[in-house]
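Colleague: Model the structure of this input:
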Amino acid sequence: MSALEEIRLILAAAAERVGPAVVGIGDHWRRGSGVVFEPGKVLTNAHNIAAEAVAIRFADGRRAEAHVDGADVDGDLAVLSVDTATVGPIAWPRAERPVGVGDPVVALSNPTGDALRVTFGFVSGVERAFQGPRGRRIRGSLEHTAPLAPGASGGPIVSVAGEFLGLNTNRLGDGFYLAIPADADLRKRAEALGRGRTPVRPRLGIAVAPAHVARHLRRSVGLPARDGVLVRDVEAASRAEAAGLEQGDLIVRANGQALTDPDDLLAAIDRLADGVALELVAVRGTDERTVRIGA
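Modeller: The predicted model follows:
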């Protein structure tokens, strides 16, 4: 059997096995894809959702209205409740095997509900990061080369055996795409969203500027340039205010790690949810001070 014939058979099998679980989401103005991940539940990207009630189109031509159970906008995930009837859910991996560079993948999308698109590619990178809808970085993503047309976000990539590998989320350009991996963590998050449990991420209550802005502003007032994250504003009655942070402070370290951009600080703040206290080193003028923020 030739390599092309083998790929053809892989695509045909994926269309037959996984295709019915891939749905269209939205209306004429906003379209995306989603995937049935358990009976009565559809997983998609939060950026595909514009209202509490969402139109769903199934591959068999059926249309239904879905309700948003929960959305994690920072993580770009949403779960919808809808009558999936006889549509079976996508198969999660039976064993957690690391997905590696060079692994073949099949991408499926169906934004209109009546035009399933199935493409083939390879994993071209792992542990990639990109900015979510509200600027917070989404880490640990899979980069792949299976072509995606507009409206493919929220659709799955699967292995050649038809097992769920990731949820297409971001287009890099030049033929590369990013998918949130379908690992145990994604399954846990999807199940929680399906129960209406939307994650509440910890906040310090500050607005910040990146390191290059901080360096420029410090030089402009005669202070030595330093890498760090500049505090542009502090919310009243916030954790940051209680800890003594002020506008103009330069946060240079978080829990002993040097900060080079706001993403580093956000990653440290996220650890507050795991019960880890946050120790920040801030520079005010030329004086360093340490502030501690409890978990």
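Colleague: surely V213 meets L230?
Modeller: Yes - with contacts counted by CB atoms under 8 Å, V213 reaches L230, the gap being 6.2 Å. The C-beta positions use only the backbone N, C-alpha and C, and glycine is treated the same way.
Colleague: More neighbours: which of these two?
Modeller: Neighbour tally, V213 and L230, criterion other CB atoms under 10 Å: the higher count belongs to L230, 25 against 13.
Colleague: And for the more buried one, nearest residue in space, chain neighbours not counted?
Modeller: A214 (3.8 Å; CB to CB, 6 or more residues apart in numbering).
Colleague: Tell me the gap between the helix or strand hosting that neighbour and the middle of its chain.
Modeller: Taking DSSP states H and E as the definition, A214 sits inside helix 211-220. Centroid separation for helix 211-220 versus its chain: 31 Å, with CA atoms, centre = their mean, to the nearest Å.
Colleague: Likewise for stretch 145-164?
Modeller: Using CA atoms, centre = their mean, the offset of stretch 145-164 from its chain centre is 15 Å.
Colleague: Likewise for stretch 246-258?
Modeller: Remark: stretch 246-258 is offset 26 Å from the chain centroid, using CA atoms, centre = their mean.
Colleague: got a list of contacts for it?
Modeller: 208, 214, 218, 226-234, 245, 259, 264-265, 268, 271, 276, 278-284, 288 (CB atoms under 8 Å, 6 or more residues apart in numbering).
Colleague: First residue to last residue on that stretch, what's the distance there?
Modeller: 19 Å (CA to CA, to the nearest Å).
Colleague: same deal with stretch 97-109?
Modeller: So stretch 97-109: terminal residues 24 Å apart, CA to CA.
Colleague: mind listing the strands for the stretch 101-250 of the chain?
Modeller: Ranges of strands in the stretch 101-250 of the chain, per DSSP state E, counting those that start in this stretch, are 104-109, 117-131, 137-144, 156-158, 164-173, 176-181, 206-209, 229-234, 250-254.
Colleague: how big is the angle separating the fifth one from strand 176-181?
Modeller: Relative orientation of strand 164-173 with respect to strand 176-181: 150 degrees, computed using axes from the mean of the first three to the mean of the last three CA atoms, to 10 degrees.
Colleague: Just give the strands next to strand 164-173 in its sheet, each with its orientation.
Modeller: Applying DSSP bridges, strand 164-173 is found paired with strand 156-158 (antiparallel), strand 176-181 (antiparallel).
Colleague: roughly how far apart are the nearest residue to D74 once chain neighbours are set aside and R203?
Modeller: Excluding the flanking residues, the one nearest D74 by CB to CB, 6+ apart is R136, at 4.5 Å. Look at R136 and R203: by CB to CB, to the nearest Å, they are 11 Å apart.
Colleague: Among those two, which residue is more densely surrounded?
Modeller: R136 (19 against 13).
Colleague: Distance-wise, check the more buried one relative to V126.
Modeller: Using CB to CB, R136 is found at 20 Å from V126.
Colleague: Repeat that for G205.
Modeller: According to CB to CB, G205 and V126 sit 34 Å apart.
Colleague: returning to that earlier point: averaging pLDDT over each of the strands of the stretch 101-250 of the chain, report the lowest-scoring one.
Modeller: Lowest mean pLDDT within those: strand 206-209, a mean of 91.
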